[in-house]
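*Asks:* Generate coordinates for the sequence data below:
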Amino acid sequence: MSRYLLKRILMMVLTLWIIVTLTFSLMHMIPGDPFASESDQLPEQILLNLRAKYNLDEPLPMQYLLYLKSLVMLDLGPSIKSETRGVNDMIKDGFGSSALIGLQAIAVALFFGLLFGTIAALNRNTWIDYAAMVLAVLGIAVPSFIMAPLLINYLAIKWPLFPVATLTSWKHSVLPSLALAFGPLAIITRYMRTSMIDVMNQNYIRTAEAKGIPTFLIVVKHGIRNAILPIVTFMGPLIAGLLTGTFVVEKIFAVPGIGKYFVDGIFNRDYPVILGTTVFYSAILVLIIFLIDLAYMFIDPRIKLSSRGR
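*Replies:* This is a model prediction of the structure:
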C-alpha cells in the first residue's frame, strides 16, 4: 500500500509539473505581453517598472524558475490586472461558488442518471427504454451553453420560477446547476443502461432470481454495485470539472466562480491568473482521479493495488 501511494504521489507531482511547463510555454509563445495594450498610454519608464515588478523583464528560463519557486511555496502570484488581490485570493473567493453549483450538478446528474439508466435497462426495448435513450441523446447533443439560455427563457422569463445572475441565494444556483447537470446526466444514463444490461445477464443474477430473491433486492445489492464501475471511472474528470467551474455557464449566469476569473485572465492576458487557475484545476483533477482509483477497492473487492492483483 505504501509503495503504491508513493508511486502515485510521484506521478501526480510529475503530471502537475508537465501541465505547468506546457501552460507556461504556450502562454509565452503568444506575441506581446499583458501591458501591450497600454504601451501607447503610459510612459516608457512606467512600463519598464511594471514589467520589472512582475518579472517580465527577466529571461523566460528565469521567469519559469521563479514561478516554480513560488508554486512550491503554494503562492500562485499576484494578479497583473488587480492591484488589491492575488491569484490565491481569487481562487479562494471563486471556489465556493463554483463548488456549490458543481456539487448540485453532480448530485442531480448522478441520482437521475443512475435511476434512468437502471429503469431503462430493466425495461429494455420498451417505450420507457426508448424515452430514456431519447433524453440521453438530447443531453449529449445539446451543450450546456445552449441549455443555459433555454432554461433562462422558460424557467426565468416565461415562467419566473427561478432568478438568474449572481449567486446571492440557493434559488440563483438552481438554473446553472441544471444547465451543468444535463449533459453528464445523459452520459451516465447511457453508461448505466449498457452496464446494467450486461450485469443482469450474468449467471449469479440468474441464480439469485432462481432462489426467489425479490427483483428490487437483486438490483440494489448485486446489479447496481457491479454496474456502477464504469460510472465511477467517468466521475473523476466530471467531478473535477464541475467543482472548479464551467467557464461558459458561469459567464452566462454571472456566477462569481473560478471560471469567470479564468476567462477574464485570458482576455486581459493575466499570466498568473491563467497559470494559477490551470494549476488549481489540474491539482483537483489529479487528486480526484487518485481517490477514484482507491474507491475501486471498496466498490469491487476483487480489484487489488498490487500488480499481481491487477
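
*Asks:* so what pLDDT did Gly245 get?
*Replies:* Note for Gly245: predicted pLDDT of 54.

*Asks:* Which helix in this structure has the most residues?
*Replies:* helix 87-122 (DSSP state H).

*Asks:* I'd like the distance from it to the chain centre, please.
*Replies:* Between the centre of helix 87-122 and the centre of its chain there are 9 Å (CA atoms, centre = their mean, to the nearest Å).

*Asks:* Quick check: buried residues in the helix or strand that it is followed by?
*Replies:* With elements assigned by DSSP states H and E, the helix or strand that comes after helix 87-122 is helix 127-141. In terms of neighbour count (16 or more other CB atoms under 10 Å), helix 127-141 has its buried residues at Asp129, Ala132, Met133, Leu135, Ala136, Gly139, Ile140. To be clear about C-beta, it is placed using only N, CA and C from the backbone, and glycine gets the same treatment.

*Asks:* ditto for stretch 113-130
*Replies:* Gly113, Leu114, Phe116, Gly117, Thr118, Ile119, Ala120, Ala121, Leu122, Asp129.

*Asks:* Then stretch 87-100?
*Replies:* Val87, Asn88, Met90, Ile91, Gly94, Phe95, Ser97, Ser98, Ala99, Leu100.

*Asks:* go on, stretch 57-70?
*Replies:* In stretch 57-70, counting by 16+ other CB under 10 Å, buried: Gln63, Tyr64, Tyr67, Ser70.

*Asks:* cool, and stretch 225-234?
*Replies:* For stretch 225-234, burial by neighbour count (16+ other CB under 10 Å) applies to Asn226, Ala227, Ile228, Leu229, Ile231.

*Asks:* One more: stretch 207-226?
*Replies:* Ala208, Ile218, Val219, His222, Gly223, Ile224, Asn226.

*Asks:* residues touching the fourth one, list them.
*Replies:* By CB atoms under 8 Å, 6 or more residues apart in numbering, the residues touching His222 are Val199, Tyr204, Ile205, Ala208.

*Asks:* Please tell me the pLDDT value assigned to Trp17.
*Replies:* 91.

*Asks:* show me where the stretch 201-310 of the chain has helices.
*Replies:* Here the stretch 201-310 of the chain has its helices, by DSSP state H, counting those that start in this stretch, at 203-210, 215-218, 224-227, 229-243, 247-252, 258-268, 271-299.

*Asks:* what's the longest helix of the chain packed up against?
*Replies:* Packing contacts for helix 87-122, counted by 3 or more CB pairs under 8 Å, 6 or more residues apart in numbering; DSSP states H and E, involve helix 127-141, helix 174-200, helix 224-227, helix 229-243, helix 247-252, helix 258-268, helix 271-299.

*Asks:* other SSEs contacting the fourth one?
*Replies:* It refers to helix 229-243. On a contact count with 3+ CB pairs under 8 Å, 6+ apart, helix 229-243 meets helix 87-122, helix 174-200, helix 271-299.

*Asks:* Would you mind finding the most buried of those helices?
*Replies:* helix 174-200 (a mean of 23; mean count of other CB atoms under 10 Å).

*Asks:* Got the phi and psi for Leu56?
*Replies:* phi -80, psi -10 (degrees, to the nearest 10).

*Asks:* thinking Asn88 is in contact with Leu71, fair?
*Replies:* No. Here Asn88 does not reach Leu71: they are 11.3 Å apart, not a contact under CB atoms under 8 Å.

*Asks:* so which strand or helix has Ala148?
*Replies:* According to DSSP H and E, Ala148 maps onto helix 144-152.

*Asks:* which helices and strands does that helix pack with?
*Replies:* Using 3+ CB pairs under 8 Å, 6+ apart, helix 144-152 is in contact with helix 174-200, helix 247-252.

*Asks:* For Leu285, give its distance to Met11.
*Replies:* 13 Å (CB to CB, to the nearest Å).

*Asks:* now do Gly183
*Replies:* Counting by CB to CB, the separation of Gly183 from Met11 is 29 Å.

*Asks:* Likewise for Glu83?
*Replies:* Taken as CB to CB, the span from Glu83 to Met11 is 38 Å.

*Asks:* more neighbours, the two?
*Replies:* Neighbour count, other CB atoms under 10 Å: between Glu83 and Met11, Met11 has more, with 12 against 7.

*Asks:* What is the strand or helix carrying that one packed up against?
*Replies:* According to DSSP H and E, Met11 maps onto helix 2-29. Applying 3+ CB pairs under 8 Å, 6+ apart, we find helix 2-29 packed against helix 60-72, helix 271-299.
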